[in-house]
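S.K.: Here you go, sequence then predicted model.
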Amino acid sequence: MHRGKKIGIKRKLLWAYGILAVLPMLLITVYTYYRTRNILVEQLNGQLAAKLEQDVQMIDKKIDRLYYVSNSFFIDNLLYNYLTMDYSEHGYEDLYYYVWTQLSRVRSLYPEIERLSIYSTNDTLPQDFLYLYLLDGEALEEWNRYADGNGNDFQAVVLEEGYLSFIRRLNLYESGSYEMFLRLDIKESGLSDILQDTGNGASILRDRQGTVLAAVGNEGVLQELLQGEHQPGLLQGGLQPGEAAESHPDCLSLSGETKYCGVLTHLEDIGVLQKQAGYSASRVFMVFLAALLLAFGAIYVFSSYFQRNVQSIIDGAREIGAGKLTHKIPVVSRDELGEVAWEINQLGEKLNTLIEDSYKKEIARIDADLNLLQEQINPHFLYNALSSISSLAKKESDGDTCRAILCLSDFYRISLNKGKKILTVREEISLLESYLAVQRFRFGDMIQVEYDLEEELLDKEIIKLILQPVVENAIHHGRYDDNEVFHIDIRLFSQGDRMVFTVSDDGRGIEMEALQALQESMEQAQNGMGLRNVNARIRLQYGGQYGVRLESQPYLGTVVRLELPLEVVITDRKK
C-alpha cells in the first residue's frame with residue numbers, strides 16, 4: 001500500500017462539511033440578493049404611486065383656486081363691456097376704477113397670485129402697465145397658442161423665469177371683434193414646495209410639450225435628464241423652468257397627468273436599491289459564515305445551554321416585573337442558576353402576598369368610609385323632613401299629613417334600595433322627586449323645579465343620594481323667604497368623557513369670601529354633611545379628578561356642578 005501524505009478522517013469531515021455548507025450558503029446569498037432587490041423595487045413602486053397621487057391632488061387643488069378666480073372674470077359681463085368699449089370718444093376713469101378694484105380685491109384674497117393682468121387687442125383701451133396691456137398681431141398668435149395649444153383653456157406656461165403663468169380667454173362670444181386674455185402668475189417655488197425631495201430620486205413637472213415647469217430632487221439624477229445648453233438650477237436641487245427633460249434608463253419612473261400643469265413624473269435611482277440588496281445579501285453571507293465557524297467548536301453547545309438557562313431566568317424576571325407575580329420560572333438545573341430561579345420565584349410569591357393584603361385592607365378602608373358617609377345622609381335628611389311634616393301637622397288636616405308621610409316612605413324605600421349603593425340616573429331622579437313631593441306639602445308652588453336631561457344618560461349607574469342633598473341645601477340656604485317663588489333648574493348632559501349634573505337656583509347667592517371658604521372646606525374635608533358629603537363620596541368612588549364645583553353671585557343665585565365619569569364599571573360591594 002502506497003503510503004502518501006496522511007489525510008485524517010477529521011480533516012476529511014471538515015472538508016466535506018465545508019463544501020456542503022459553503023455551496024448552499026452561496027446559493028442562498030445570490031437568491032437573497034435578487035429577491036431583496038425585487039421586493040425593494042415593488043415597495044418603491046408602491047410608495048412612488050402613492051406620492052404621485054398625493055402630489056397630483058395637491059397641485060390640482062392649488063391651481064383649482066386660480067381657475068375659480070379666472071371663472072369670476074370670464075363671466076363678468078360688466079368687465080367684458082368695459083374691455084370692448086371704444087375709448088377713443090369716451091373717458092376711461094370708470095374702466096380703471098372697476099379693473100383696479102376687482103383685481104386688487106382678488107390679489108388680497110389670494111396672496112399666492114404674484115401678478116394679475118388683462119391683455120386685449122382693443123387698441124383704444126388705455127394701458128396702465130399694471131393691470132391692462134395691449135396685444136399686437138405678432139403677440140396675439142403666441143397668446144392664442146398658449147390659450148389653445150395645451151388642450152385646455154387654463155394651462156401653465158413659462159413666460160418669465162421663476163414664475164408660472166396661466167392664460168384664460170375672456171371672450172364671452174366667439175364672434176367678438178376683440179380678443180382678450182387673463183394672465184395669472186404664481187412663483188415656480190409654489191409648486192416646487194409640493195414636490196418634496198425624495199433624496200435618491202427626482203420629481204419633474206412638465207407641460208405637454210415637454211417643457212419643465214418645476215423640478216426638485218437629487219442633483220445628479222436631474223443633471224442626466226437635461227438636454228441642451230442649460231444646466232440644473234442650484235435652488236433646492238431643481239431645474240430652471242423652460243428646460244427640456246427625458247426619462248432616464250436607470251431610474252424607476254411613474255407619471256401622472258394634472259388638470260392644469262401637464263404631466264408630473266417621479267423618478268427613483270434603482271442603483272441605490274441594488275446597493276441595498278447587495279448589503280442585505282452580504283449580511284446573509286456573513287451570518288452563514290459565522291454560523292459555520294461556530295459549529296467547529298464544542299463551546300457552541302455549552303454556550304447555548306448556558307444562554308438558554310439564563311434567558312429563561314431573564315424572561316421570568318421580566319414577567320414578574322410586568323406584574324405577573326404568580327409566574328414561575330422553570331428550574332431546569334441544580335446549579336447556581338437554578339438557585340437564582342428559585343429565589344426569584346419566592347420573591348414573586350412574597351410580593352404577591354403583600355400586595356393582596358394591602359389591596360384588601362385599602363378596599364375595606366374605602367368601604368368603611370363610604371358606609372360612614374352614606375349613613376350621615378339619612379339622619380340629616382330625616383331631621384329636616386320630620387321638621388317639615390311637624391310644621392304641616394300644625395297647619396293642615398290629617399289627610400295631607402298622611403300623604404306627606406307616604407312620600408317620605410317612598411323616599412326611604414328608594415334610598416335604601418335593599419342595601420345597594422348604586423342607582424341608575426332615572427332612579428336617582430325618582431328619589432329626588434319623592435323628596436320634592438314632601439317639600440311641596442310645606443311650600444306648595446313656591447318651589448318650582450325644571451329638568452333638562454339627556455335621555456341616553458338616564459340608564460347610567462351612579463352612586464345614590466348625590467342630587468337630593470344638593471337640592472335640599474339650595475332650598476334651606478338659598479331662598480329669600482317663604483313669600484317668593486324659588487326656581488331650581490336641574491340639567492344632565494355629557495361633556496367629553498364626563499357626565500355632568502348642574503343644579504342652578506335664583507336665590508340669594510353666596511358672597512365671594514364665603515364661597516371660597518366653602519369650596520376649600522369641600523376640597524379638604526373627608527366627611528361632613530350636605531355638599532361636603534356628596535363631594536367626598538364622589539371622590540372616594542370615582543377618584544380625585546371628579547367631585548363638586550360651586551359658582552355663585554350674590555343676589556343672582558348659585559350653580560352646583562357635579563362631575564362623574566361617563567363610562568365606568570361600578571362594582572357595588574354591598575351587592
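M.R.: Right, received. Where do you want to start?
S.K.: for residue 343, what are its contacts?
M.R.: Applying Cβ atoms under 8 Å, 6 or more residues apart in numbering to residue 343 gives no contacts. To be clear about C-beta, it is placed using only N, CA and C from the backbone, and glycine gets the same treatment.
S.K.: quick one: average pLDDT of whichever strand or helix holds it?
M.R.: Element membership of residue 343, judged by DSSP states H and E, is helix 336-395. Averaged over helix 336-395, pLDDT sits at 64.
S.K.: swap in stretch 40-58?
M.R.: Per-residue pLDDT values across stretch 40-58 average out to 81.
S.K.: Which positions within that stretch qualify as buried?
M.R.: Within stretch 40-58, the residues scored as buried using 16 or more other Cβ atoms under 10 Å are 40-41, 44, 48, 51-52, 55-56.
S.K.: Dump those residues to JSON lines, plus secondary structure and distance to residue 74.
M.R.: Compiled in JSON lines, the buried residues of stretch 40-58 are given as follows (DSSP: H, G, I helix; E, B strand; the rest coil; distance: Cβ to Cβ, whole Å):
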{"residue": "40", "secondary structure": "helix", "distance to residue 74": "49"}
{"residue": "41", "secondary structure": "helix", "distance to residue 74": "46"}
{"residue": "44", "secondary structure": "helix", "distance to residue 74": "43"}
{"residue": "48", "secondary structure": "helix", "distance to residue 74": "37"}
{"residue": "51", "secondary structure": "helix", "distance to residue 74": "34"}
{"residue": "52", "secondary structure": "helix", "distance to residue 74": "31"}
{"residue": "55", "secondary structure": "helix", "distance to residue 74": "28"}
{"residue": "56", "secondary structure": "helix", "distance to residue 74": "25"}
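S.K.: Out of these, the closest to residue 427 would be?
M.R.: For these, the closest approach to residue 427 (Cβ to Cβ) belongs to residue 51, at 58.4 Å.
S.K.: circling back: closest one to residue 215 out of the buried residues of stretch 40-58, please.
M.R.: For the buried residues of stretch 40-58, the residue nearest residue 215 by Cβ to Cβ is residue 55; the value is 12.4 Å.
S.K.: Dump stretch 80-93 to CSV, restricted to CA.
M.R.: What follows is stretch 80-93, C-alpha atoms only, in CSV (Å, rounded to 0.1, in the frame of the first residue of the first chain):
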residue,chain,number,x,y,z
TYR,A,80,-66.4,92.4,-20.8
ASN,A,81,-68.4,95.6,-21.7
TYR,A,82,-65.6,97.8,-20.3
LEU,A,83,-62.9,95.9,-22.2
THR,A,84,-64.8,96.0,-25.6
MET,A,85,-65.8,99.7,-25.3
ASP,A,86,-64.4,102.2,-27.8
TYR,A,87,-62.4,104.7,-25.6
SER,A,88,-61.4,107.0,-28.5
GLU,A,89,-64.5,109.0,-27.6
HIS,A,90,-65.1,108.0,-24.0
GLY,A,91,-63.3,108.5,-20.8
TYR,A,92,-61.6,105.6,-19.1
GLU,A,93,-61.9,106.6,-15.4
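S.K.: how about it: buried residues?
M.R.: Buried residues in stretch 80-93, defined by neighbour count with 16+ other Cβ under 10 Å: 80, 82-85, 92.
S.K.: Same question for stretch 470-480.
M.R.: By 16+ other Cβ under 10 Å, the buried positions in stretch 470-480 come out as 470-475, 478-479.
S.K.: among the residues you listed, which are in helices?
M.R.: 470-475, 478 (DSSP state H).
S.K.: Would you mind putting those residues into a markdown table with distance to residue 450 and pLDDT alongside?
M.R.: What follows is these, written out as a markdown table (distance: Cβ to Cβ, whole Å; pLDDT from 0 to 100):
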| residue | distance to residue 450 | pLDDT |
| --- | --- | --- |
| 470 | 15 | 93 |
| 471 | 12 | 92 |
| 472 | 17 | 90 |
| 473 | 18 | 89 |
| 474 | 13 | 89 |
| 475 | 15 | 89 |
| 478 | 15 | 87 |
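S.K.: can you redo these as JSON lines with distance to residue 138?
M.R.: Listed next are these as JSON lines, based on distance: Cβ to Cβ, whole Å:
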{"residue": "470", "distance to residue 138": "87"}
{"residue": "471", "distance to residue 138": "89"}
{"residue": "472", "distance to residue 138": "94"}
{"residue": "473", "distance to residue 138": "91"}
{"residue": "474", "distance to residue 138": "89"}
{"residue": "475", "distance to residue 138": "93"}
{"residue": "478", "distance to residue 138": "89"}
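S.K.: Looking at those residues, which one is closest to residue 439?
M.R.: Nearest to residue 439, judged by Cβ to Cβ, of those is residue 475 at 6.3 Å.
S.K.: which residue ranges form the helices in the protein?
M.R.: For the chain, applying DSSP H gives helices covering 9-74, 77-84, 93-109, 137-148, 189-192, 219-225, 270-294, 299-321, 336-395, 398-416, 425-443, 468-478, 512-524, 531-542.
S.K.: Distance of the nearest residue to residue 315 once chain neighbours are set aside relative to residue 319?
M.R.: Nearest residue to residue 315, sequence neighbours excluded (Cβ to Cβ, 6 or more residues apart in numbering): residue 329, at 8.0 Å. Distance of residue 329 to residue 319, computed by Cβ to Cβ, to the nearest Å: 8 Å.
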